[in-house]
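Novice: next input, structure requested:
(2 chains)
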Amino acid sequence: MKLPDRYGKYGVFGGRFAPETLIPALEELERGYKSISKDKSFREELSYLLSEYAGRPTPLYLAENFSKVIGCKVYLKREDLAFTGAHKINNTLGQVLLAKKMGKKRIIAETGAGQHGVATATASALFGMECCVYMGEVDCERQKLNVYRMKLLGSDVISVKSGSRTLKDAINEAMRDWIANFAYTHYVIGSVVGPHPYPQIVRDFQSVIGVETKRQILKKEKRLPDYLIACVGGGSNSIGLFYPFYKNKGVRFIGVEAGGKGINTSKNAATLCRGDKGALHGSFSYILQDRYGQINQTHSVSAGLDYPGVGPEHAFYKETGRAEYTYATDNDALDGFHILSETEGIIPALESAHAIGWVIKNRKQFKKDDIVVVCLSGRGDKDVAEVASIEGVL
Amino acid sequence: MNKIDEKFKKLKGKGEKALIAYFTAGLPSTKGTVEIIRKAEKSGVDIVEIGIPFSDPIADGPIIQYASHISLEKGTNTDTVFEICRELGKSINIPYLLMTYYNPVYRYGIEKFSKRCAQTGVSGIIIPDLPFEESKDVREALKKQNVYLINLLTPFTPEKRAKKIIKASSGFIYFITSAGVTGPREKFSKEMWDKLKIVQEISSIPVASGFGISDAEQVKRLREYVDGVIIGSFFVKKIIDGKIEELWKEIREIKKALVGEN
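Specialist: Alright, predicted model coming up:
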């Protein structure tokens, strides 16, 4: 089976729940992506940039000290070492290059933690494109330095004051901009969400994570891993890691969502664990909503996971049992943040710290001979001030 | 016969064009919505669209976003909107439609939503984030209840696609006049005029234009190319600002432009 099918569906999920005004733009993007992504010169240029500019391949690092804490071999896929400090650059280099080849003059993006915004601003600077990033007012406040970084890179940052003033509202505002300006503007969505073909495009550009991991683990261990574990907000680093292993049924996928203050409270962002089916931001998937279909306000200590939706391909993996979805609370993530810093000297992004925290909490379920790969999707420098303030240090 | 068809037929007989007005349900209150729509009918509105507020209205500009937000804060939900519809069924004669996003409809249950529409006298539904390709379930459920799903077209819809959509449409075609979200604008583009003429020519059902319309002058320019105009944000703003008297005056003036007395 091909994922997605020709209607942009992953089983019943995905599709194109977008205003009529955007349909021709989405069709143009689908056609453009289909032809340009197959083009040899595009692939060569992207592959050159990923290695020479973004520093790929990123290492697959055997974290020996941390492995001792867990009781089995734990490898970290070091996306934190990719340029700009997270996996986001894989997607933005691909999409901005695509936009350029499609003749677009202007780039827009949404951002939560600021990582995707920074990665988009970076790619736009590199390709000499005008760039405008939408960011919720609450997120602008908790990630001030990233706001400045984007401005430094020549982008406009628009603080979004509607709704919950976080990632979902930034997406709403970016979509409104795109509806008005699609003729010369490309919208770089930062996760595997949105109307078809976005979930596919972002997955394909992020699949470099899993493709490298497979090659690296086979070289180091002469076998595939038992577990692939990654955090899930919209779900781009996780799908990028999982997808190239889709047919390797012996490899278990575990997606860790943001449990916030607990999944029995209203303060979490664990969409696949606690949500119901519905349509948000252009695709049919799971969402956190009330009984009338109004979208809930979410909470997570990490801005990058603070989102009430999730990519449709994850919904499909859940429905078919290909992946398991679970959660780590704010406190679990903070434990992960500290323990990885202390044992390995690696400060993880709070998003990635959810995957780390879950592994620590559930270490008893692993057998001594298991090989576990955790996607360390980003570096934690951006979160140091936030964590210090939560802990009352600053 | 669906009341929308009756209405357009009657207006055509009189040589008039339809004034279709949008109001966000629950604004200024549940009761207030019913009152406003009653008076709107008396002031000259031919068809009413009632918006079920949604938390994430991506096709709407700042005015309707704000209206939706305060309406939800006041506790408006899908059931209270159906209550408004039931009240309207007893007190007005013009057709009324619902406008909302796909998720509230899906979540309510497509079959149940369609039945409630029929029970409360709703003649049609507009769902701006449900493009034709995804609309089969909704269309079929509504058809069983003789409730119309109103399809949207834009200046950017290719002619072939427009034909396909028009063929499956009922009631009227909602022609979006410009790129972007709802809310007042000054000018219409050349693409809009070109495509509007094409759509009017190939459509066997009435065509009404909406998005960005806010005064009698614009309406006069559109008049001969459409069967109706749709006005939302401009009216909703009057309600938000508490300028109700101005609302009736604007409705009367715009309707006058559509009757073509000048």
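
Novice: enumerate every residue touching the residue in the stretch 151-262 of chain B that chain A sits nearest to.
Specialist: Taking CB to the nearest CB as the measure, the stretch 151-262 of chain B has residue B:180 as its residue closest to chain A, at 3.4 Å. For every residue, glycine as well, the C-beta is placed using N, CA and C. Counting by CB atoms under 8 Å, 6 or more residues apart in numbering or on different chains, residue B:180 touches A:21, A:176, A:179, A:180, A:181, B:61, B:211, B:212.

Novice: now restrict these to buried residues only.
Specialist: A:21, A:176, A:179, A:181, B:61, B:211, B:212 (16 or more other CB atoms under 10 Å in any protein chain shown).

Novice: and after whichever helix or strand the third one is part of, which helix or strand comes next?
Specialist: Using DSSP states H and E, residue A:179 sits in helix A:167-181. Past helix A:167-181, further along toward the C-terminus, the next helix or strand under DSSP H and E is strand A:185-188.

Novice: name the residues of stretch A:190-206 that are buried.
Specialist: Buried, per 16+ other CB under 10 Å, within stretch A:190-206: A:190-206.

Novice: endpoints of it, how far apart?
Specialist: 10 Å (CA to CA, to the nearest Å).

Novice: quickly check: that stretch near chain B or not.
Specialist: No. Residues of stretch A:190-206 are not located near chain B by CB under 8 Å from any CB of the partner chain, the shortest gap being 9.0 Å.

Novice: quick one: mean pLDDT over stretch B:213-231.
Specialist: Mean per-residue pLDDT for stretch B:213-231: 92.

Novice: swap in stretch A:376-388?
Specialist: Averaged over stretch A:376-388, pLDDT sits at 94.

Novice: would you mark the buried spots in the helix holding residue A:179?
Specialist: A:167-179, A:181.

Novice: so how far is it off the chain centroid?
Specialist: 18 Å (CA atoms, centre = their mean, to the nearest Å).

Novice: only C-alpha atoms, please: export that helix in CSV.
Specialist: C-alpha atoms of helix A:167-181 as CSV (Å, rounded to 0.1, in the frame of the first residue of the first chain):
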residue,chain,number,x,y,z
LEU,A,167,1.2,27.3,17.9
LYS,A,168,-2.3,26.5,16.7
ASP,A,169,-3.2,30.2,16.4
ALA,A,170,0.1,30.8,14.6
ILE,A,171,-0.9,28.2,12.1
ASN,A,172,-4.4,29.8,11.7
GLU,A,173,-2.7,33.1,11.0
ALA,A,174,-0.2,31.7,8.6
MET,A,175,-3.0,29.9,6.7
ARG,A,176,-4.9,33.2,6.4
ASP,A,177,-1.8,34.9,5.0
TRP,A,178,-1.4,32.1,2.5
ILE,A,179,-5.0,32.2,1.5
ALA,A,180,-4.5,35.9,0.6
ASN,A,181,-1.0,35.7,-1.0
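
Novice: just give me the neighbour total for the closest residue to residue A:221 other than its chain neighbours.
Specialist: Using CB to CB, 6 or more residues apart in numbering or on different chains and skipping residues adjacent in sequence, the residue nearest residue A:221 is residue A:371, 6.0 Å away. Using other CB atoms under 10 Å in any protein chain shown, residue A:371 has 20 neighbouring residues.

Novice: right, and residue A:371 touches residue A:75 too?
Specialist: Yes. Under the criterion of CB atoms under 8 Å, residue A:371 makes contact with residue A:75 at 7.0 Å.

Novice: what's the overlap in contacts for these two?
Specialist: In contact with both residue A:371 and residue A:75: A:217, A:225, using CB under 8 Å, 6+ apart.

Novice: and chain A, which of its residues are near chain B?
Specialist: Residues of chain A lying near chain B (CB under 8 Å from any CB): A:7, A:15-21, A:23-25, A:162-163, A:168-169, A:172, A:175-176, A:179-183, A:276-282, A:287, A:289, A:291-295.

Novice: in PyMOL, how would I select the buried members of those residues?
Specialist: To isolate the buried ones among the residues of chain A next to chain B in PyMOL, judged by 16+ other CB under 10 Å, type:
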select buried, chain A and resi 15+16+17+18+19+20+21+23+24+25+162+163+168+169+172+175+176+179+181+182+277+278+279+280+281+282+287+289+292+293+294+295
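
Novice: residue 152 - how many residues pack around it?
Specialist: No chain in the question, so chain A it is. 11.

Novice: wait, chain B was what I had in mind.
Specialist: 24.

Novice: swap in residue A:37?
Specialist: 16.

Novice: with the one 4 residues further on instead?
Specialist: The number of residues packed around residue A:41, counting by other CB under 10 Å, is 9.

Novice: and it, how far from chain B?
Specialist: 29 Å (CB to the nearest CB, to the nearest Å).

Novice: can I assume residue A:145 sits in a strand?
Specialist: No. Counting by DSSP: H, G, I helix; E, B strand; the rest coil, residue A:145 falls outside a strand, being helix.

Novice: now whatever residue of the stretch 51-200 of chain A ends up closest to chain B, nearest residue through space, not along the chain?
Specialist: Chain B sits closest to residue A:180 of the stretch 51-200 of chain A, with a gap of 3.4 Å, by CB to the nearest CB. With sequence-adjacent residues excluded and distances taken as CB to CB, 6+ apart, residue A:180 is closest to residue B:180, at 3.4 Å.

Novice: the longest helix in chain B is where?
Specialist: helix B:244-259 (DSSP state H).

Novice: quick check: phi and psi at residue A:371.
Specialist: phi -110, psi 120 (degrees, to the nearest 10).

Novice: now do the same contact list for it.
Specialist: Contacts of residue A:371 by CB under 8 Å, 6+ apart are A:72, A:73, A:75, A:217, A:221, A:223, A:225, A:226, A:227.

Novice: residue B:252 now?
Specialist: Taking CB under 8 Å, 6+ apart, we find residue B:252 in contact with B:43, B:44.

Novice: that older thread, buried residues in the longest helix of chain B, which are they?
Specialist: B:247, B:248, B:250, B:251, B:254, B:255, B:256, B:257, B:258, B:259.

Novice: interface residues of the stretch 151-262 of chain B facing chain A?
Specialist: B:151, B:152, B:153, B:154, B:156, B:157, B:158, B:161, B:176, B:179, B:180, B:181.

Novice: was I right about the fifth one contacting residue A:24?
Specialist: Yes. Under the criterion of CB under 8 Å, residue B:156 is in contact with residue A:24, at a separation of 4.8 Å.

Novice: which neighbours do those two have in common?
Specialist: With CB under 8 Å, 6+ apart, residue B:156 and residue A:24 have no common neighbours.

Novice: what strand or helix carries residue B:197?
Specialist: Judged by DSSP H and E, residue B:197 forms part of helix B:190-202.

Novice: so what touches that helix?
Specialist: B:153-157, B:159, B:162-163, B:166, B:173, B:175, B:177-178, B:207, B:209, B:225-226.

Novice: so how do I select the buried members of those residues in ChimeraX?
Specialist: Filtering the contacts of helix B:190-202 down to the buried ones (16+ other CB under 10 Å) takes a single ChimeraX command:
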select /B:153,154,155,156,157,162,166,173,175,177,178,207,209,225,226
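
Novice: in which helix or strand does residue B:8 reside?
Specialist: Judged by DSSP H and E, residue B:8 forms part of helix B:3-14.

Novice: need the next SSE after that helix, C-terminal direction.
Specialist: Elements were assigned by DSSP H and E; along the chain past helix B:3-14, the next helix or strand is strand B:18-24.

Novice: got a list of contacts for that following strand?
Specialist: B:7-8, B:11, B:33, B:36-37, B:40, B:44-51, B:53, B:64, B:67-68, B:71, B:99, B:206, B:208, B:210, B:227-233, B:235-236, B:239, B:251, B:254-255, B:258.

Novice: 6 Å instead, please
Specialist: The contact list for strand B:18-24 (CB atoms under 6 Å, 6 or more residues apart in numbering or on different chains) reads B:11, B:40, B:45-49, B:51, B:53, B:67, B:71, B:208, B:228, B:230-232, B:235-236, B:254-255, B:258.
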